[in-house]
Structures are given as C-alpha cells and as structure tokens.
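**Student:** build me a structure from this.
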Amino acid sequence: MKNNTFKEIIKPIIVLTCICLVVTALLAYINLITAPVIKAADEKAAAEARAEVLSEADSFTQMDTKGLPDEIIEVYKADNGSGYVFMMTTKGYGGDILLICGIKSDGSIEKTKTLSHSETSGIGSRVVENDSDYRKQYVGKTAENVDEVDAVSGATISSKAYKAAVDAAFKAFEKVKEAQ
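**Tutor:** Model prediction:
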C-alpha cells in the first residue's frame with residue numbers, strides 16, 4: 001500500500017516539481033540574455049520617436065518631472081533649443097494610451113505620436129492611430145487654440161483622453177520653460 005502511494009502521488013509531484021524548476025531556470029536564463037537587447041531596442045525606438053516629433057532637435061537631455069502634471073512620464077529638452085518632447089500617459093476607453101508630443105520653442109505642436117494603446121479597433125483607434133486625421137489636427141496648435149481640435153464621433157472618451165494628455169503637455173511646457 002505504501003509503495004503504491006509513492007508511485008501514484010509522491011512520484012508525480014517530484015517529477016512535476018523538477019520539470020517546473022528546469023523550465024523556470026531556462027526562462028530566467030533566456031530573460032537574462034534578452035533583457036539588454038530588448039532594453040536597447042526600446043531606447044532606440046524612444047529616441048527615434050523623440051526625433052520624429054521634434055525634427056529640428058539635434059539631441060535631447062532628459063529633465064526632471066517633479067511638479068509637472070501626473071500625465072507626464074518623461075520630459076526631454078532639445079539641446080539646440082528647438083523645443084521640448086513630452087512623453088505622456090492617459091486613460092482612454094480601452095485602457096492606457098502612451099503618447100509623445102513635440103512642442104517647439106514657440107509653443108506650437110510639431111507633432112504627436114501614439115506609442116501604444118488599447119483602444120477599440122475601428123472606433124477608438126481612429127483617435128490614436130498615427131495616420132489619423134484626428135491626431136493630425138494637433139499639428140501647429142498652441143495652448144490658446146488647442147480647443148479647436150474636433151473630437152472623433154463615437155470615440156468621445158478616447159478623444160477627450162488624448163486632448164487631456166496634450167493639455168498636460170502644454171501645462172508642463174509652461175513650467176519647464178519658466179524653470180530655464
């Protein structure tokens with residue numbers, strides 16, 4: 001009876017535990033190898049996005065985000081004085097929207113770009129897609145005329161979330177400009 005218990009209960013537990021330990025060790029090893037590659041790719045993509053939304057900048061210096069609106073994750077100042085880049089997050093209808101906005105030194109938006117989102121395909125995604133007419137409305141807008149941007153019909157929550165993030169970028173722009 002005791003030998004039967006070992007074969008039916010204890011042996012399968014030991015085998016499954018060993019399998020789990022081996023698989024966990026392999027996953028940890030693979031993560032150790034791929035983590036630096038993934039980090040480098042993410043940094044390269046972020047640098048390309050900064051250059052895309054503020055094309056006149058030659059290089060960037062990251063700034064402190066203390067005292068800035070909660071939506072602001074990172075701020076970069078163009079080393080040649082051409083403007084600032086703001087990385088922001090906002091809560092859309094389908095989840096978080098991560099976007100980046102380049103504001104030129106004259107206070108106008110050069111470009112906005114969506115980095116990631118979880119918006120509903122077809123409706124909410126019309127707000128955040130990088131080739132969307134909605135997103136293109138922000139080009140050239142300033143804090144004074146950003147209210148002229150029209151929301152996407154049927155995607156009011158996503159439109160308002162995107163606009164709130166851009167408004168936060170303008171508030172942050174004023175604060176970082178004053179600090180300089």
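
**Student:** any idea how far residue 151 is from residue 93?
**Tutor:** Residue 93 sits 12 Å away from residue 151, going by CB to CB, to the nearest Å. Yep, even glycine has a C-beta here, placed from its N, CA and C like the rest.

**Student:** as a check, name the ranges of all strands in this structure.
**Tutor:** Taking DSSP state E to define them, one finds strands in the chain at 60-63, 72-78, 83-91, 96-104, 109-116.

**Student:** can you check which of these gets nearest to residue 29?
**Tutor:** Shortest distance between residue 29 and the strands of the chain, using CB to CB, is found for strand 109-116: 27.8 Å.

**Student:** residue 93 and residue 151: who's more crowded?
**Tutor:** Neighbour comparison, residue 93 and residue 151: the larger count goes to residue 93, with 19 against 16 (by other CB atoms under 10 Å).

**Student:** go ahead and confirm that one touches residue 160.
**Tutor:** No - contact criterion CB atoms under 8 Å: residue 93 and residue 160 do not qualify, at 9.5 Å.

**Student:** circling back: can you redo the strands of the chain as CSV with distance to residue 143 and mean pLDDT?
**Tutor:** Shown next, in CSV, are the strands of the chain (distance: least, CB to CB, whole Å; pLDDT from 0 to 100):
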stretch, distance to residue 143, mean pLDDT
strand 60-63, 19, 92
strand 72-78, 15, 94
strand 83-91, 13, 94
strand 96-104, 9, 92
strand 109-116, 10, 89
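
**Student:** of all these, which one is nearest residue 42?
**Tutor:** Of these, nearest to residue 42 by CB to CB is strand 109-116, at 10.2 Å.

**Student:** which stretch among the strands of the chain comes nearest residue 22?
**Tutor:** Checking the strands of the chain against residue 22 by CB to CB gives strand 109-116 as the closest, at 33.7 Å.

**Student:** pLDDT wise, what is residue 14 at?
**Tutor:** If you check residue 14, the pLDDT there is 93.

**Student:** could you dump the strands of the chain into CSV and include mean neighbour count and distance to residue 36?
**Tutor:** As requested, these are arranged in CSV below (neighbours: other CB atoms under 10 Å; distance: least, CB to CB, whole Å):
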stretch, mean neighbour count, distance to residue 36
strand 60-63, 15, 20
strand 72-78, 20, 21
strand 83-91, 24, 22
strand 96-104, 23, 22
strand 109-116, 20, 21
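
**Student:** and the pLDDT at residue 125?
**Tutor:** Looking at residue 125, the pLDDT reads 66.

**Student:** meant to ask about residue 173
**Tutor:** On pLDDT, residue 173 comes in at 93.

**Student:** check the one 3 residues further on too.
**Tutor:** The pLDDT attached to residue 176 in the predicted structure is 89.
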